[in-house]
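Asks: Here is my input, please return the structure:
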Amino acid sequence: MGWADLKIGSKLTLGFGSVLVLILASSYSGYSGIDSLSRSLVAVGDEEAPLVEAANEMKLALMSSRNAMEEFKGATATI
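Replies: Numbers count the residues shown, from 1 in each chain. Predicted coordinates:
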C-alpha cells in the first residue's frame, strides 16, 4: 500500500498531523530556550548587581573626597 493508494482524507490527516508535530517541537524548543535565557539573566543579575552598587558607592566616596580636597585646597590657599 503506497502513498497513491491512500484516500485524500488520510493524506490530509497525515499532512496536518505532521505539521502539528513540527509546530509542537518548535514551540517546545523555543520555550525551553527562553526559559534557559531567563534563568541565565537572573543569575547574571544576582552576580552583577552587587558589583554595580559597590562601584557606585566607590564613585560617590571618591567624589566626596575630591570635594573635601578642593575645600582644603581653597582653605589653605588663603593662608
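
Asks: low-confidence ranges in the chain?
Replies: Residues of the chain meeting the criterion pLDDT under 70: 1, 78-79.

Asks: Show me the residue sitting in the middle of this protein in space.
Replies: Taking Cα atoms, centre = their mean, the centroid of the chain lies closest to Leu41, which sits 4.2 Å from it.

Asks: Which parts of this protein are helices?
Replies: Remark: helices assigned in the chain by DSSP state H are 8-77.

Asks: quick one: the residue nearest to the centre of the chain and Lys59, what's the gap?
Replies: 25 Å (Cβ to Cβ, to the nearest Å). C-beta: built from backbone N, CA, C; applies to glycine.

Asks: same question, Ser32
Replies: According to Cβ to Cβ, Ser32 stands 40 Å off from Lys59.

Asks: so who does the residue nearest to the centre of the chain touch?
Replies: By Cβ atoms under 8 Å, 6 or more residues apart in numbering, Leu41 lies in contact with nothing.

Asks: Kindly tell me how buried Ala54 is, as a neighbour count.
Replies: By the measure other Cβ atoms under 10 Å, the count of residues near Ala54 is 10.

Asks: what do you get for Leu6?
Replies: Leu6 has 13 neighbours, counted by other Cβ under 10 Å.

Asks: For Ala25, see how far away Lys73 is.
Replies: 70 Å.

Asks: Centre of the chain to stretch 6-22, how far?
Replies: Centre-to-centre, stretch 6-22 and its host chain are 38 Å apart (Cα atoms, centre = their mean, to the nearest Å).

Asks: From the rest of the structure, what touches it?
Replies: For stretch 6-22, the external contacting residues (Cβ under 8 Å, 6+ apart) are Trp3.

Asks: With only the CA atoms kept, save that stretch in CSV.
Replies: The C-alpha coordinates for stretch 6-22 follow below in CSV (Å, rounded to 0.1, in the frame of the first residue of the first chain):
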residue,chain,number,x,y,z
LEU,A,6,-4.4,6.4,0.3
LYS,A,7,-7.6,8.3,0.3
ILE,A,8,-7.5,12.1,0.4
GLY,A,9,-8.8,12.2,3.9
SER,A,10,-5.9,10.0,5.1
LYS,A,11,-3.4,12.1,3.2
LEU,A,12,-4.8,15.3,4.8
THR,A,13,-4.8,13.8,8.2
LEU,A,14,-1.2,12.7,7.9
GLY,A,15,-0.2,16.1,6.5
PHE,A,16,-1.9,18.1,9.2
GLY,A,17,-0.6,15.7,11.9
SER,A,18,3.0,16.1,10.7
VAL,A,19,2.6,19.9,10.7
LEU,A,20,1.2,19.8,14.2
VAL,A,21,4.1,17.6,15.4
LEU,A,22,6.6,20.1,13.9
